[in-house]
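Enquirer: With the input below, show me the fold.
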Amino acid sequence: MSRLDGAERGKRCGRVERGTKETSVVVEIDLDGTGEVDIATGVGFFDHMLAQLGKHGSFDLTVKTIGDLHIDSHHTIEDTAIALGQAFREALGDMAGIHRFADASIPLDEALAQVTVDIAGRPYLVHSEPAMAPMIGPDYDTTMTRHVLESFVANARICLHVHVPYGRNAHHIVEAQFKALARALRDAVAFDPKVHGIPSTKGSL
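Expert: Residues are numbered from 1 along each chain as shown. A predicted model of the protein is given here:
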């Protein structure tokens, strides 16, 4: 794996290349973008979810993954989420001046997703969602949503709480989570004019 493009105020970009015997992944993200996305993982529903993350987070996001889909979609989704978390962390830079904390509640028809985030420097995930159909489309196992969030959180080093108190349709339950995550991240990484330096009494995140 190679990391390129250091982050600086006014240009908060991350680029990660991750290569294993199972997958080849390239992720590029600009936290100060306009929501332009170019996503191709070979897993259609996952592409749709990553597009939600970029669009509603106002992040310019490019993801190109080639994976061992002849086995199943697990490695492709997992490794993409790892690289996405690493690129996000790189783009954050020293995190000076950001809001740090944010939350969002997003409905999608009958489903509601509630997301709270702390750009804390410490990974922690709390996740709950209703029982739902096991598959969305031919290749997205719905148990992978939690694993995507686990992989992203571990590598972005953020604290994330995701709660879906109700919902019936699997597509809606998962998509609401990605949209709420996008909006919470957008607000958390935005600059706060009242914050000077690192938003922590420790002096670092």
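Enquirer: continuing past the helix or strand containing Ala113, what's the next helix or strand?
Expert: Element membership for Ala113 (DSSP states H and E) is strand 111-118. Next along the chain after strand 111-118, taking DSSP H and E as the criterion, comes strand 124-128.
Enquirer: Direction included, what does the strand holding Ala113 pair up with?
Expert: Strands that pair with strand 111-118, judged by DSSP bridges, come out as strand 101-108 (antiparallel), strand 159-166 (antiparallel).
Enquirer: distance between the last one and the chain's centre?
Expert: What separates the centre of strand 159-166 from the centre of its chain is 14 Å, taken as Cα atoms, centre = their mean, to the nearest Å.
Enquirer: Run through the residues that contact His163.
Expert: His163 is in contact with 113-115, 126-129, counting by Cβ atoms under 8 Å, 6 or more residues apart in numbering. No exception for glycine: its C-beta is placed from N, CA and C like everyone else's.
Enquirer: For ChimeraX, write a command that selects the buried ones of these.
Expert: Restricted to buried positions by 16 or more other Cβ atoms under 10 Å, the ChimeraX selection for the contacts of His163 reads:
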select :113,114,115,127,129
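Enquirer: Would you mind checking which of the contacts of His163 is nearest to Ala184?
Expert: Val115 (4.5 Å; Cβ to Cβ).
Enquirer: what kind of secondary structure is the closest residue to that closest one other than its chain neighbours in?
Expert: Once flanking residues are discounted, Val115 sits nearest to Ala180: 4.0 Å by Cβ to Cβ, 6 or more residues apart in numbering. Per DSSP: H, G, I helix; E, B strand; the rest coil, the local secondary structure of Ala180 is helix.
Enquirer: List the contacts of Glu28.
Expert: Going by Cβ under 8 Å, 6+ apart, the list of residues near Glu28 reads 13-15, 60-63, 87.
Enquirer: and if we set it to 6 Å?
Expert: When the contact criterion is Cβ atoms under 6 Å, 6 or more residues apart in numbering, the partners of Glu28 are 15, 62.
Enquirer: Quick check: which element contains it?
Expert: strand 23-30.
Enquirer: In terms of pLDDT, where does the most centrally placed residue in the chain sit?
Expert: By Cα atoms, centre = their mean, the chain has its centre lying nearest to Phe152, at 5.9 Å. Looking at Phe152, its pLDDT is 98.
Enquirer: Excluding chain neighbours, give the residue nearest to it in space.
Expert: That would be Gly85: by Cβ to Cβ, 6+ apart, it lies 4.2 Å from Phe152.
Enquirer: and if you look at Leu181?
Expert: Val115 (5.2 Å).
Enquirer: Against Ala81, how distant is the one you found?
Expert: 16 Å (Cβ to Cβ, to the nearest Å).
Enquirer: ok, what's across the strand from the nearest residue to Pro165 once chain neighbours are set aside?
Expert: Spatial nearest neighbour of Pro165, excluding adjacent residues (Cβ to Cβ, 6+ apart): Leu112 at 6.0 Å. Applying DSSP bridges to Leu112 yields these beta-bridge partners: Pro107, Tyr166.
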